[in-house]
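>>> please work out how this folds:
(one chain, ligands or ions: 2)
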Amino acid sequence: MKLSADNCFFKTSSSINSLQLRYSLSKMSQKFPEVQGGGSLIVAWQVRNKNVLVVGGGEVASGRILHALNADANVTVVCPSSGLNEEVAYRVAENQVSHIDRNFEPHDLDNADMVLCAIDDPEASTQVWKLCKERRIPANIADVPPECDFYFGSMHRDGPLQIMVSTNGNGPKLANIVRQKIASALPQNTGAAIENVGLLRKKLRAIAPDANEGPKRMKWMSNVCVSWSLEDLVAMTDKDMDGLLTHYQSGDVPSLQDIRAALS
Ligand SMILES: C[C@@]1(CC(=O)O)C2=NC(=C\c3[nH]c(c(CCC(=O)O)c3CC(=O)O)Cc3[nH]c(c(CC(=O)O)c3CCC(=O)O)/C=C3\N/C(=C\2)[C@@H](CCC(=O)O)[C@]3(C)CC(=O)O)/[C@H]1CCC(=O)O
Ligand SMILES: NC(=O)c1ccc[n+]([C@@H]2O[C@H](COP(=O)([O-])OP(=O)(O)OC[C@H]3O[C@@H](n4cnc5c(N)ncnc54)[C@H](O)[C@@H]3O)[C@@H](O)[C@H]2O)c1
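Ligands and ions are numbered 1, 2, ... in the order given. As a prediction, this is how the structure comes out:
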């Protein structure tokens, strides 16, 4: 008898709990972003001083090489000299990249941290992909989505600003069109403004290096970015930055005009 009463208690209690749970889950589903699977993890991969092997030296390879050099990678190109296009031959001649003058061989992967393959030989490129997988080297085989750990995207660059548009394999040409639309909508000086904000943040960390001050630093920097126009951020000189930084302790963010008036 006692046992069934207990059961009854637990049943009632658990059904209330499950109702409550369902209610609070439905509340939370309005509160948190919905998961939209099928995308890519878009990250800003740091390849500075890492060894990027580019297999092939044609038109597609020349784009891959420029992206890797723009990210300060050590680039090696493996491709017969006869196959190098004008741009890749120029970068070889300028020693911007190392060059192995022959077709790909498996031992080329020995020191590679990343492989970008862009050759007009599907069998050879599948072999490159398989070897990369055996060695767990991240690889992109141009235009072969099933043989890519990561896709390239359409890239806008303006100083420290980079915007990459991906259609996740659906429409590369559309990625190009969307990227151009986004880029043309940006104020021309966005990159210069970001560069100056980078300098200001560096100076701020120098005068307020304490790790515990992180939240205060971040709030103040955010206020500067929100309250100053892009034009003022671009116009900000070294002297203006030092003037502005004297207000960090108080938490104030005066305008550029006020900073200059105080300095004159
Ligand atoms: C963005 C860009 C970056 C770059 O490569 O730097 C890039 N492709 C670009 C151009 C482009 N590629 C193609 C055309 C012809 C028109 C058209 O088809 O639209 C044009 C347009 C042109 O040439 O103007 C043909 C194509 N591409 C792929 C396949 C295979 C397939 O789809 O199965 C085929 C079909 C071959 C066929 O049909 O036989 C596959 C890939 N191409 C990707 C990236 C990755 C997905 C990116 C995304 O979806 O966002 C992915 C998956 C893998 C990778 O290569 O990383 C660059 C534009 C840069 C710029 O100009 O800004
Ligand atoms: N160029 C484009 O816009 C475009 C568009 C769609 C698809 N693709 C595809 O991308 C790939 C490359 O295109 P591309 O225009 O750069 O070709 P490309 O002909 O300009 O260059 C191919 C390069 O690969 C080299 N190569 C061939 N076999 C090699 C090997 N085993 N080892 C080392 N190098 C080797 C050649 O010497 C040459 O430098 C091809 O599969 C092509 O079909 C290119």
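>>> strands of the stretch 51-200 of the chain, start to end?
Applying DSSP state E, counting those that start in this stretch to the stretch 51-200 of the chain gives strands spanning 51-55, 74-78, 98-100, 114-117, 139-141, 154-158, 161-165.
>>> and the contacts of the fourth one?
Residues lying outside strand 114-117 but in contact with it, judged by Cβ atoms under 8 Å, 6 or more residues apart in numbering, are 47, 50-56, 61, 64, 68, 73, 104, 109, 125, 128-129, 132, 137-142. Quick note: C-beta positions are derived from backbone N, CA and C, even for glycine.
>>> would you mind listing what in the stretch 1-150 of the chain touches ligand 2?
Applying Cβ under 6 Å from any ligand atom, one finds that the stretch 1-150 of the chain approaches ligand 2 through 55-61, 78-80, 83, 85, 103-104, 118-121, 124, 142-143.
>>> those residues also near ligand 1: which ones?
Near ligand 1, by the rule Cβ under 6 Å from any ligand atom, you find Ala142, Asp143 out of these.
>>> please list only the buried members of the residues of the stretch 1-150 of the chain next to ligand 2.
If you count burial by 16 or more other Cβ atoms under 10 Å, the buried members of these come out as 55-58, 60-61, 78-79, 83, 104, 118-119, 142.
>>> the residues you listed in helices, which ones?
Members of these lying in helices (criterion: DSSP state H): Val60, Ala61.
>>> can I get the buried ones among the residues of the stretch 1-150 of the chain next to ligand 2 in CSV with pLDDT?
Output for those, formatted as CSV (pLDDT from 0 to 100):
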residue, pLDDT
Val55, 98
Gly56, 98
Gly57, 98
Gly58, 98
Val60, 98
Ala61, 98
Val78, 98
Cys79, 98
Gly83, 98
Phe104, 98
Ala118, 98
Ile119, 98
Ala142, 97
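>>> using CSV, lay out the buried ones among the residues of the stretch 1-150 of the chain next to ligand 2 together with distance to Asp210.
Converted to CSV, those look like this (distance: Cβ to Cβ, whole Å):
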residue, distance to Asp210
Val55, 48
Gly56, 50
Gly57, 51
Gly58, 53
Val60, 49
Ala61, 48
Val78, 49
Cys79, 52
Gly83, 56
Phe104, 52
Ala118, 48
Ile119, 53
Ala142, 48
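>>> list the contacts of Gln96.
Leu69, Val75.
>>> from Gly159, how far off is it?
Note on Gln96: its distance to Gly159, by Cβ to Cβ, to the nearest Å, is 20 Å.
>>> okay, now the domains of the protein?
51-152, 154-186, 190-263 (automatic domain parsing).
>>> which one of those has the most crowded surroundings?
Highest mean neighbour count of the domains of the chain: domain 51-152, a mean of 17 (counted as mean count of other Cβ atoms under 10 Å).
>>> gap between the two ends of that domain?
Start-to-end span of domain 51-152 (Cα to Cα, to the nearest Å) is 18 Å.
>>> now do stretch 159-167
Terminal-residue distance, stretch 159-167 (Cα to Cα): 24 Å.
>>> my guess is Ala44 contacts Ile163. True?
No. Between Ala44 and Ile163 there is no contact under Cβ atoms under 8 Å: 11.0 Å.
>>> could you list the low-pLDDT ranges of the stretch 1-150 of the chain?
In the predicted model, the stretch 1-150 of the chain carries pLDDT under 70 at residues 1-16.
>>> quick one: the helices in it?
With helices called from DSSP state H, counting those that start in this stretch, the stretch 1-150 of the chain shows them at 2-31, 59-70, 86-93, 122-134.
>>> what's the spacing between the second one and its chain's center?
Using Cα atoms, centre = their mean, to the nearest Å, we find the averaged C-alpha position of helix 59-70 to lie 17 Å away from the chain's own average C-alpha position.
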